[in-house]
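K.L.:
Turn this into a structure:
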Amino acid sequence: MTKPLHVADVKEVIYSQERWKLFNELRKRALELMIPLVKAGFDPIVHGSLARGDVHKRSDVDIFVPRTIPSYKVELVLDEAGFETLKREIVMATPWQLPKAHIYIEENRSITFPLLEPKPLELEFYHFGGTVGVEHVKKSIRVPGIDKRLMLVEPTPRGHVESPVIRREAEAAKRVGVSLDIVRERVQVLTRRAEIGHSGIFIKRELAPGESFETVLRDLIKKNPAVKLRFKRK
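P.N.:
Just a heads-up that it's a prediction; the model follows:
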């Protein structure tokens, strides 16, 4: 598990040709999913290492649509674009967090969208790690973001500069363009997780063929009253 760095030096990381090649390949794979979604009127974003540029061999291509959409519309877009679905899942990290739909095209390439209207802090969770839209992806533009080590990653022409976030939360929030609230919340969550370990996912339900996300979510609410906690936190 990646652990937060409480003490770390500011350093520049220079990318190898292999890393630049991997970055361009992952961005290309992201565009293949984003363009059909944009044409359908959605506003997909790429987040995390693929937005910042500090990709590695285990980096996922996860396209996030930051608003609620009827799931059949997303699946129709993918079908018309010629994509086959590997699997579909509903995931809730905790009973009070946003339920999300995941549609996997491959094990490491997916589309995610919320099944309830997200709250501002839930959207900022993605911007915390860095986000880019389709035009930035096309132009290979990278943006600052904070990784799971709680290091601020700021792109440079040769790679990136990374610096610690802990005890520099306000500065990091300003550089990434997010609220201080989300930085403090993520620092608290990630440092606590490193201390006590990951407690697991509250719900991870794979859908069978023919099941819809919305119907399965309603069934989960009926069978598990704890799921209702997020519905009450408007």
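
K.L.:
Return the per-residue confidence for residue 198.
P.N.:
You'll see residue 198 listed with a pLDDT of 62.

K.L.:
Summarise which helices and strands the longest helix anywhere in the chain is packed against.
P.N.:
Counting residues, the longest helix in the chain under DSSP state H turns out to be helix 17-39. When contacts are defined as 3 or more Cβ pairs under 8 Å, 6 or more residues apart in numbering; DSSP states H and E, helix 17-39 packs onto strand 45-47, helix 49-52, strand 61-64, helix 71-80, strand 109-114, helix 134-138. For the C-beta atoms, the positions are set from N, CA and C on the backbone; glycine is no exception.

K.L.:
could you give the angle of it to strand 109-114?
P.N.:
50 degrees (axes from the mean of the first three to the mean of the last three Cα atoms, to 10 degrees).

K.L.:
and helix 17-39, C-alpha only, in PDB?
P.N.:
The C-alpha coordinates for helix 17-39 follow below in PDB (Å, rounded to 0.1, in the frame of the first residue of the first chain):
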ATOM      1  CA  GLN A  17      11.600   7.900 -23.000                       C
ATOM      2  CA  GLU A  18       9.800   4.800 -21.900                       C
ATOM      3  CA  ARG A  19       7.700   6.800 -19.500                       C
ATOM      4  CA  TRP A  20       6.800   9.400 -22.000                       C
ATOM      5  CA  LYS A  21       5.800   6.700 -24.400                       C
ATOM      6  CA  LEU A  22       3.600   5.100 -21.800                       C
ATOM      7  CA  PHE A  23       2.000   8.400 -21.000                       C
ATOM      8  CA  ASN A  24       1.200   9.000 -24.700                       C
ATOM      9  CA  GLU A  25      -0.200   5.500 -25.000                       C
ATOM     10  CA  LEU A  26      -2.500   5.800 -22.000                       C
ATOM     11  CA  ARG A  27      -3.700   9.300 -23.100                       C
ATOM     12  CA  LYS A  28      -4.600   7.800 -26.500                       C
ATOM     13  CA  ARG A  29      -6.600   5.000 -24.800                       C
ATOM     14  CA  ALA A  30      -8.300   7.600 -22.700                       C
ATOM     15  CA  LEU A  31      -9.300   9.600 -25.800                       C
ATOM     16  CA  GLU A  32     -10.900   6.600 -27.400                       C
ATOM     17  CA  LEU A  33     -13.400   6.600 -24.600                       C
ATOM     18  CA  MET A  34     -13.700  10.300 -24.100                       C
ATOM     19  CA  ILE A  35     -14.500  11.400 -27.600                       C
ATOM     20  CA  PRO A  36     -17.800   9.300 -27.900                       C
ATOM     21  CA  LEU A  37     -18.900  10.600 -24.500                       C
ATOM     22  CA  VAL A  38     -18.200  14.200 -25.600                       C
ATOM     23  CA  LYS A  39     -20.200  13.700 -28.800                       C
END
